[in-house]
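In: Quick one, structure for this:
(chains A and B)
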Amino acid sequence: DTAVSQTPKYLVTQMGNDKSIKCEQNLGHDTMYWYKQDSKKFLKIMFSYNNKELIINETVPNRFSPKSPDKAHLNLHINSLELGDSAVYFCASSRGVLSSGNTIYFGEGSWLTVV
Amino acid sequence: DQQVKQNSPSLSVQEGRISILNCDYTNSMFDYFLWYKKYPAEGPTFLISISSIKDKNEDGRFTVFLNKSAKHLSLHIVPSQPGDSAVYFCAAKNNNAGNMLTFGGGTRLMVKP
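Out: This is a model prediction of the structure:
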């Protein structure tokens, strides 16, 4: 019944590895996102994606790439992991243009630790 | 360059009293503002929002006020309850940037019984 679900919830991996975090939403939303919460607890947008457009935050390294097999899924692939990639990654989704009463729904987060 | 700022990292309030959480922004292109609540080990959950064409929106115990000229918004919780203890994030949408939200750094609210 979880609206936005992401797996794994916890991931510990070594530097240099390639990893993926999966995200699925069952809300019928048309737009999905990835946010990163860093060690200072700031939530920052990484990507916004619907079936027409990918918007990338220019500060995101190209080692990070979103992949969407269909409207309900947006997976996050990370290549050549670095220590600084350790963070909590939140998947989210929404319908249409955000305006009065409309919002973004977040998953529970994936804790990535790079050692 | 933080476009959305929550200058109080924490706030402690007695149960039953009013909690006021503040948020300042710098980008005049923001047209929609939201407040999220976050418990540990969970994702942010939506609380209340306000469009830039309004100055107040109320939902039960929660009221958000927007002062566009001051680029300031606040969240009022009355009366505060122990279950309100969480981190509160202010977020803003840029009219020119699709649906991507810019978040403040959060304020940890502690409501004491």
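
In: State the number of residues packed around A:Ser48.
Out: Each residue near A:Ser48 was counted by other C-beta atoms under 10 Å in any protein chain shown, and the total is 25. C-betas here are computed from N, CA, C, even on glycine.

In: What of A:Phe90?
Out: 25.

In: that's a helix at it, yeah?
Out: No. Under the criterion used here (DSSP: H, G, I helix; E, B strand; the rest coil), A:Phe90 is strand, not part of a helix.

In: Am I right that B:Pro9 is in contact with B:Gly105?
Out: Yes. Contact criterion C-beta atoms under 8 Å: B:Pro9 and B:Gly105 qualify, at 7.3 Å.

In: OK, contacts around B:Asn7?
Out: B:Asn7 makes contact with B:Asn22, B:Asp24, according to C-beta atoms under 8 Å, 6 or more residues apart in numbering or on different chains.

In: still on that earlier bit, so for B:Pro9 and B:Gly105, which residue has more residues nearby?
Out: Ranked by neighbour count (other C-beta under 10 Å), B:Pro9 and B:Gly105 place B:Gly105 first, with 19 against 11.

In: The more buried one contacts A:Lys40, doesn't it?
Out: Yes. Using C-beta under 8 Å, B:Gly105 is in contact with A:Lys40, at 7.1 Å.

In: Please report how far B:Val4 lies from B:Pro82.
Out: B:Val4 is 27 Å from B:Pro82, where distance means C-beta to C-beta, to the nearest Å.
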